[in-house]
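1. Need coordinates for the following:
(chains A and B)
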There are 2 protein chains.
Amino acid sequence: MGMKLLEDRIVRDGKVKPGDVLKVDSFINHQMDVELFTEMAKEWQRRFAGKTITKILTIEASGIGIACMAGQQFHVPVVFAKKAQSINLEGEMYSAKIRSYTHQRVYDVIVAKKYISPEDHILIIDDFLANGCAVEGLIDIIQSAGAAIEGVGIAIEKGFQRGGDMIRSRGIQLESLAIVESMDPETGKITFRE
Amino acid sequence: MGMKLLEDRIVRDGKVKPGDVLKVDSFINHQMDVELFTEMAKEWQRRFAGKTITKILTIEASGIGIACMAGQQFHVPVVFAKKAQSINLEGEMYSAKIRSYTHQRVYDVIVAKKYISPEDHILIIDDFLANGCAVEGLIDIIQSAGAAIEGVGIAIEKGFQRGGDMIRSRGIQLESLAIVESMDPETGKITFRE
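-> Residues are numbered from 1 along each chain as shown, chains lettered A, B, ... in the order given. I've put the predicted structure just below:
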């Protein structure tokens, strides 16, 4: 079930554009409403209650703010996967290739091996889930490390794209705080999954 | 004066590398200790007490986590400047060119005009200050928007590089929580400014 505070905000401030684009850059991924993020983090804590979480994994850049608020609620460190190689990252890394439909290219994401151990129980957090490529890349990295995937927390899932089904069919607990079932660029109307 | 909690953590977990490189990716810019970030945000709140702050501006990617914690303390939205053009960012933008010595290239950063208004009183937050190019770019953007710059909050300043002096000489309040005066890659010794 959706988180009403977030759904209401999407209806109020989100903008539907042609090509299944939902723009939420006034409160999520350019300007960030951190008080909303705190409420979202508390909601994930309720939904993942009872699970052991030792670390949160996200991907730069727009996942970082939300993931930090979740780290604060869960009292665990947050690791963000970096896009492409940075010369300041030493040692061995896990990597995965991710296709970005937004930016129409494939890029590598990397996580230093020392920051994910086989003892970790990891919660993935990200702002959007559409085709699921970013989350799949993070799952690959966690599996390479031999760590446990405790779940995936997403702010906004596009329910009409394949990412959600892909994660659920793997038996991974997926908690999307708002699932958009359909949206109409003509009228701006957004319908959420019940 | 330095923030002891942060200085102690730098001494414990930071690594000094040749070429004036201080690696803090175990707690600041790859893995993030969000509880430390919360304490840093509280410290900035003390140091900028009495100032009107309406918005925090940072730059992707590693500034975002720290800036979000500051936004939480100051109860204001956080905007992050984006590197290069994103096709999902509509409308007009402010932009600045920034030279990255770490990545040895020049890149554009952009902020959508609608997220900085002339009425804004802005606090810049970032993880590192060395030559000051990133902060200078953000200052340019704020000045283009006609907004007020209330100050700059930095986690770690390299006191032996020119960025800090450049900002202070412009009369801008700069609050670096740890100022590294010198560091020795041979012994690993880090000296902080008193």
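
2. what does the model give residue A:16 for pLDDT?
-> Per-residue pLDDT puts residue A:16 at 97.

3. where do the strands sit along chain A?
-> A:15-17, A:21-23, A:31-32, A:55-59, A:78-83, A:93-100, A:105-112, A:121-129, A:148-158, A:174-183, A:190-192 (DSSP state E).

4. Return the set of buried residues in the longest one.
-> Counting neighbours by 16 or more other CB atoms under 10 Å in any protein chain shown, one finds that the buried residues in strand A:148-158 are A:148-158. For the C-beta atoms, the positions are set from N, CA and C on the backbone; glycine is no exception.

5. Please apply the same query to the fifth one.
-> Of the residues in strand A:78-83, A:78-83 count as buried by neighbour count, 16+ other CB under 10 Å.

6. can you check the second one too?
-> For strand A:21-23, a neighbour-count test (16+ other CB under 10 Å) marks A:22-23 as buried.

7. Which strands or helices does that strand pack on?
-> Under the contact criterion of 3 or more CB pairs under 8 Å, 6 or more residues apart in numbering or on different chains; DSSP states H and E, strand A:21-23 touches strand A:15-17.

8. Not counting the strand it packs on itself, show me its contacts.
-> A:22-24, A:183-185, A:188-190, B:90 (CB atoms under 8 Å, 6 or more residues apart in numbering or on different chains).

9. Check stretch A:107-114 too.
-> Taking CB under 8 Å, 6+ apart as the rule, stretch A:107-114 contacts A:57, A:59, A:79, A:81-86, A:89-98, A:100, A:134, A:137-138, A:141, A:145, B:25-26, B:30-31.

10. Could you identify the buried members of those?
-> A:57, A:59, A:79, A:81-83, A:86, A:89, A:93-96, A:98, A:134, A:137-138, A:141, A:145, B:25-26, B:30-31.

11. Now do the contacts for the residue lying closest to residue A:166 once chain neighbours are set aside.
-> The shortest distance from residue A:166 to any non-neighbouring residue, by CB to CB, 6 or more residues apart in numbering or on different chains, is to residue A:132 (4.8 Å). Taking CB under 8 Å, 6+ apart, we find residue A:132 in contact with A:161-164, A:166-167.

12. Check residue A:14 too.
-> So residue A:14 contacts A:22-24, A:190 (CB under 8 Å, 6+ apart).

13. State the distance from it to chain B.
-> As judged by CB to the nearest CB, to the nearest Å, residue A:14 and chain B stand 13 Å apart.

14. which residues of chain A score low on pLDDT?
-> A:85-91 (pLDDT under 70).

15. Show me the residue at the heart of chain A, geometrically.
-> Central residue of chain A (CA atoms, centre = their mean): residue A:126, 1.4 Å from the mean position.

16. For that residue, name its beta-bridge partners.
-> residue A:154 (DSSP bridges).

17. measure it to chain B for me?
-> Taken as CB to the nearest CB, the span from residue A:126 to chain B is 14 Å.

18. excluding its backbone neighbours, what's nearest residue A:24?
-> residue A:14 (5.0 Å).

19. ignore the last one, residue A:157
-> Counting by CB to CB, 6+ apart, the nearest residue to residue A:157 once its immediate chain neighbours are dropped is residue A:176, at 3.5 Å.

20. and that neighbour, what is it in contact with?
-> A:129, A:153-157, A:164.

21. For it, give the beta-bridge partners.
-> Bridge pairing for residue A:176 - DSSP bridges - gives residue A:154.

22. gap between it and chain B?
-> With CB to the nearest CB as the criterion, residue A:176 and chain B are 20 Å apart.

23. can you check residue A:142 too?
-> Look at residue A:142 and chain B: by CB to the nearest CB, they are 14 Å apart.

24. and if you look at residue A:57?
-> Distance from residue A:57 to chain B, counting by CB to the nearest CB: 10 Å.

25. residues in contact with that residue?
-> So residue A:57 contacts A:67, A:78-81, A:111, A:116, A:122-125, A:138, A:141-142 (CB under 8 Å, 6+ apart).

26. sorry, back to before: ok, which pair from the contacts of strand A:15-17 is furthest apart?
-> Spanning the widest gap among the contacts of strand A:15-17 are A:189 and B:90, at 19.6 Å by CB to CB.

27. Not including adjacent chain positions, what is the nearest residue to residue A:118?
-> residue A:146 (3.8 Å).

28. Would you mind measuring from that neighbour to chain B?
-> For residue A:146, the distance to chain B - CB to the nearest CB - is 18 Å.

29. Could you tell me how many residues sit around that residue?
-> 11 (other CB atoms under 10 Å in any protein chain shown).

30. returning to what we had before: can you tell me which of the contacts of strand A:15-17 are buried?
-> A:22-24, A:183, A:190.

31. pretty sure residue A:78 contacts residue A:54?
-> No. Shown here, residue A:78 and residue A:54 do not form a contact pair, counting by CB atoms under 8 Å, at 11.5 Å.

32. quick one, what contacts residue A:48?
-> So residue A:48 contacts A:123, A:150-151, A:153, A:173, A:175 (CB under 8 Å, 6+ apart).

33. same question, residue A:12
-> So residue A:12 contacts nothing (CB under 8 Å, 6+ apart).

34. ok, residue A:103 - how many residues close by?
-> Using other CB under 10 Å: residue A:103 sits among 13 other residues.

35. Quick check: the gap between it and chain B.
-> Taken as CB to the nearest CB, the span from residue A:103 to chain B is 7 Å.
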